[in-house]
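Engineer: Fold the stuff below for me.
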Amino acid sequence: MTLNITSLSQKYSGDRQSSLNSGDAVYLYGDRTYKGKLIHPVEGTYPCRWTVQLDRGGYEAVNVKQISVIESRNNKHFIKPENNYYESDLELPFSEAREESQTSRSKLEREIAQLKKENARLLQQQKELEQDNQLLKKDLDQAKQIIRRAKDISPVMRLSLKRVLRLAHNACMDVQRTVGGWILRMGDKARRFRRLADIWDLISADEFVLSEIFPEDKLVAVELIVPPKRRTRPEPIEKKTFPLMRPEDIIRNRTILLAQSG
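Structural biologist: As a prediction, this is how the structure comes out:
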């Protein structure tokens with residue numbers, strides 16, 4: 001009699017086990033508020049247990065007798081609420097469920113390996129970009145240092161009297177220094193400028209009008225132009241020489257000074 005009961009119990013548990021699928025929505029212990037989702041069967045347990053992910057959070061290993069299906073993944077079996085009895089036309093052996101779980105795990109491991117490989121590639125690319133950025137920053141700092149040290153980085157704007165004279169002579173003009181500035185002359189017309197760059201700006205244009213360079217209200221009389229005075233070199237200070245003193249004289253003078261200060 002005991003053998004028959006055990007055989008029936010094992011057969012009933014096997015029927016329930018075959019009717020369950022990973023991902024089924026279930027409720028536990030006959031309480032419809034205690035809901036969750038089937039994950040996978042727990043290996044090596046009898047009676048068979050399933051791992052259930054609870055909606056309220058966490059996981060629990062539950063006997064198949066305490067599991068009631070709300071919605072099956074394949075919609076091929078249902079439950080009768082009055083006696084908690086499953087009717088199923090799908091029989092899923094435990095080995096197939098295990099193979100399906102292993103296949104899903106292998107797929108997940110491949111995806112993780114692919115993501116790790118992609119992450120390593122991105123890290124290497126980021127490292128190379130950081131190195132390039134450091135080189136560009138170094139070159140930029142050197143260029144800034146050169147610009148900071150240069151008075152004028154534009155070679156055209158590095159004015160000199162020789163360059164301005166060459167340009168003025170090509171336009172039949174002359175440039176000479178005067179007290180507190182420069183004089184631009186053309187025949188009997190002359191105009192005073194404070195900076196040599198002002199003369200350059202006027203005569204370096206592609207086209208210029210003489211009336212704009214020598215307006216009547218800015219002309220200077222040629223006879224009133226005073227050349228700059230040459231700087232006189234200061235006379236060197238006469239060096240004073242002192243006679244050499246003997247060592248005994250130095251010691252005697254030092255002794256006298258110490259006695260006076262004491």
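Engineer: What segments of the chain are helices?
Structural biologist: 2-19, 94-149, 161-170, 196-203, 210-213, 247-261 (DSSP state H).
Engineer: Residue 144 and residue 137: what is the separation?
Structural biologist: 10 Å (Cβ to Cβ, to the nearest Å). Where C-beta positions appear, they are placed from N, C-alpha and C, glycine not excepted.
Engineer: what's the answer for residue 202, then?
Structural biologist: 42 Å.
Engineer: biggest strand in this structure by residues?
Structural biologist: strand 31-42 (DSSP state E).
Engineer: chain center to that one: distance?
Structural biologist: Per Cα atoms, centre = their mean, to the nearest Å, the displacement of strand 31-42 from the mean C-alpha position of its chain is 48 Å.
Engineer: Output the below-cut-off pLDDT ranges for the stretch 51-200 of the chain.
Structural biologist: 72-99, 148-158 (pLDDT under 70).
Engineer: rewinding a little: what helices and strands are in contact with the longest strand of the chain?
Structural biologist: Other helices and strands packing on strand 31-42, by 3 or more Cβ pairs under 8 Å, 6 or more residues apart in numbering; DSSP states H and E, are strand 25-28, strand 49-54, strand 59-63, strand 67-71, helix 94-149.
Engineer: Residue 227 is nearest to which of the ones you listed?
Structural biologist: helix 94-149 (35.1 Å; Cβ to Cβ).
Engineer: could you give the angle of that closest one to strand 31-42?
Structural biologist: On the basis of axes from the mean of the first three to the mean of the last three Cα atoms, to 10 degrees, helix 94-149 is oriented at 90 degrees to strand 31-42.
Engineer: How far off centre is helix 94-149?
Structural biologist: Per Cα atoms, centre = their mean, the centroid offset for helix 94-149 relative to its chain is 15 Å.
Engineer: what about residue 166, distance to residue 204?
Structural biologist: In terms of Cβ to Cβ, residue 166 sits 11 Å off from residue 204.
Engineer: about what we covered before: make JSON lines from the helices of the chain and add mean neighbour count to it.
Structural biologist: Compiled in JSON lines, the helices of the chain are given as follows (neighbours: other Cβ atoms under 10 Å):
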{"stretch": "helix 2-19", "mean neighbour count": "13"}
{"stretch": "helix 94-149", "mean neighbour count": "10"}
{"stretch": "helix 161-170", "mean neighbour count": "13"}
{"stretch": "helix 196-203", "mean neighbour count": "16"}
{"stretch": "helix 210-213", "mean neighbour count": "12"}
{"stretch": "helix 247-261", "mean neighbour count": "9"}
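Engineer: Redo these as TSV? Include distance to residue 235.
Structural biologist: TSV is the format used below for the helices of the chain (distance: least, Cβ to Cβ, whole Å):
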stretch	distance to residue 235
helix 2-19	120
helix 94-149	37
helix 161-170	30
helix 196-203	32
helix 210-213	44
helix 247-261	33
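Engineer: which stretch among these comes nearest residue 230?
Structural biologist: helix 161-170 (16.4 Å).
Engineer: how far does that closest one sit from the chain's center?
Structural biologist: For helix 161-170, the distance to the chain centre is 51 Å (Cα atoms, centre = their mean).
Engineer: can you list the residues that contact it?
Structural biologist: Contact partners of helix 161-170, identified using Cβ atoms under 8 Å, 6 or more residues apart in numbering, comprise 174-175, 184, 196, 199-200, 203-204.
Engineer: got the angle for it vs helix 196-203?
Structural biologist: Going by the same axes, to 10 degrees, helix 161-170 makes 30 degrees with helix 196-203.
Engineer: CA atoms only for helix 161-170, dumped as CSV, please.
Structural biologist: In CSV, the C-alpha atoms belonging to helix 161-170 read as follows (Å, rounded to 0.1, in the frame of the first residue of the first chain):
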residue,chain,number,x,y,z
LEU,A,161,63.9,102.4,-40.8
LYS,A,162,65.7,100.6,-43.6
ARG,A,163,62.4,99.0,-44.8
VAL,A,164,60.4,102.2,-44.5
LEU,A,165,63.1,104.1,-46.4
ARG,A,166,63.1,101.6,-49.2
LEU,A,167,59.3,101.9,-49.5
ALA,A,168,59.4,105.7,-49.3
HIS,A,169,62.1,106.1,-51.9
ASN,A,170,60.1,104.0,-54.3
